[in-house]
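J.: below: sequence and its predicted model.
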Amino acid sequence: MKQILLPTDFSENAWNALFTAIKLYADFECVFYLLHVYEPKSQNIAGFKSSVRAGEVYQSLSDYSEKELKKITTYLKQNHGIQNHTFKTISVKGNVVTVIKELIPKYDIDVIMMGTKGATGAKEIFMGSNTVKVLKAVKNCSLIVVPKTFDFQLMKTIVFPTEYAHFFPKGILKPFLELIDVWKSEIKIFHVAQEFRLSSLQRYNRKILKKRLEGYPYSFYKVTIKSTVSKAIRDFSKEQAADLIVLTNYSHTFLERLTQEPVVKKVGFKTSIPLMVLPDFEG
């Protein structure tokens, strides 16, 4: 059974992430945890002279949270009667990143799914969003970021950029290989670089990757960097009509050192295609 965490702020972005999760995991037995974390702005409580007034603010936020979560579950019961899907709600005060990190082991979470404004969002808003904060802070759980405008139908093609600089531990690819088993997707692996002469380590890691993907449909591509790695990833994904981009979340990735750009963050911000970030087993 899959345990899927769905943080929500009740926005259209969050709703789209929820609908995408339901469709993507339609053939899986799942428990979806709908999470809303509320935390009043500091300026709203800083001037309170009594803890009673502060408590009233928290109670108001709690009531609102519970009410909105109930609306979601009511809607799902009426419109999404998939028998192998169960929905549970979690309403809690605190910091969203801290709460998510606590819930991963508590509920044995397999995947976190979050919405984002994606390619159409204002940079100033998105870069300060909870989605990016989670991307940066959570390294031990798979994360799928769903752009607001993305309308999921099928998962025919998965793009997997790599530089072969890291060993692929057993099980690291499991989150998206499980999806491929169901959707019969094709994996398009591409090496994005300024030159394609592989070191002995890279050749070994490429061999291991082929071993990990044995039995699955995959093909290799090479893409020369013309401007930035993140743009190369986006352009290639668009050309291939990809339904999902998969990245590994290494703390000190070769791609970042090569281009001095935070690849995962930039791809997550600008892509109009869902992004799956696999766990970082090195950091």
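T.: Right, received. Where do you want to start? Numbers count the residues shown, from 1 in each chain.
J.: what sits closest to residue 248 if chain neighbours are left out?
T.: Nearest-residue entry for residue 248: residue 278, 4.9 Å, with adjacent residues in sequence omitted and distances by C-beta to C-beta, 6 or more residues apart in numbering. For the C-beta atoms, the positions are set from N, CA and C on the backbone; glycine is no exception.
J.: give me the number of residues near the one you found?
T.: By the criterion of other C-beta atoms under 10 Å, residue 278 has 20 neighbours.
J.: please apply the same query to residue 211.
T.: Neighbours around residue 211, by other C-beta under 10 Å: 10.
J.: same deal with the one 4 residues further on?
T.: The local packing of residue 215 (other C-beta under 10 Å) involves 8 other residues.
J.: the residue nearest to residue 248 contacts residue 264, doesn't it?
T.: No. Applying C-beta atoms under 8 Å, one finds residue 278 not in contact with residue 264, separated by 10.3 Å.
J.: okay, now the unreliable bits of the protein?
T.: Counting by pLDDT under 70, the chain contains low-confidence residues at 40-58, 117-129, 249-263, 267-270, 281-283.
J.: any idea which residue sits dead centre in it?
T.: The residue lying closest to the centre of the chain (C-alpha atoms, centre = their mean) is residue 144, at 2.1 Å.
J.: secondary structure element for it?
T.: Counting by DSSP states H and E, the element that carries residue 144 is strand 142-147.
J.: contact partners of that strand?
T.: The contact list for strand 142-147 (C-beta atoms under 8 Å, 6 or more residues apart in numbering) reads 13, 16-17, 20-21, 24, 110-120, 131, 134-135, 152, 175, 249, 268, 271-279.
J.: just checking, which of those belong to helices?
T.: 13, 16-17, 20-21, 24, 131, 134-135, 175, 268 (DSSP state H).
J.: from these, pick the one nearest residue 102.
T.: Among the ones in helices among the contacts of strand 142-147, residue 134 lies closest to residue 102 (C-beta to C-beta), at 12.8 Å.
J.: can you show me the helices along the chain?
T.: Going by DSSP H, the chain shows helices at 12-24, 42-45, 51-79, 96-106, 123-126, 130-137, 174-183, 200-212, 229-239, 254-259, 263-270.
J.: distance to residue 87 added to these, as JSON lines?
T.: Output for these, formatted as JSON lines (distance: least, C-beta to C-beta, whole Å):
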{"stretch": "helix 12-24", "distance to residue 87": "9"}
{"stretch": "helix 42-45", "distance to residue 87": "31"}
{"stretch": "helix 51-79", "distance to residue 87": "5"}
{"stretch": "helix 96-106", "distance to residue 87": "15"}
{"stretch": "helix 123-126", "distance to residue 87": "27"}
{"stretch": "helix 130-137", "distance to residue 87": "21"}
{"stretch": "helix 174-183", "distance to residue 87": "20"}
{"stretch": "helix 200-212", "distance to residue 87": "33"}
{"stretch": "helix 229-239", "distance to residue 87": "31"}
{"stretch": "helix 254-259", "distance to residue 87": "37"}
{"stretch": "helix 263-270", "distance to residue 87": "26"}
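J.: ranking the ones you listed by burial, who's on top?
T.: Ranked by mean neighbour count under mean count of other C-beta atoms under 10 Å, the helices of the chain are led by helix 263-270, which reaches a mean of 22.
J.: got phi/psi on residue 8?
T.: Main-chain dihedrals, residue 8, degrees, to the nearest 10: phi -140, psi 140.
J.: verify the stated contact: it with residue 35.
T.: Yes. At 6.7 Å, residue 8 counts as touching residue 35 under the criterion of C-beta under 8 Å.
J.: right, I'll call it a day here.
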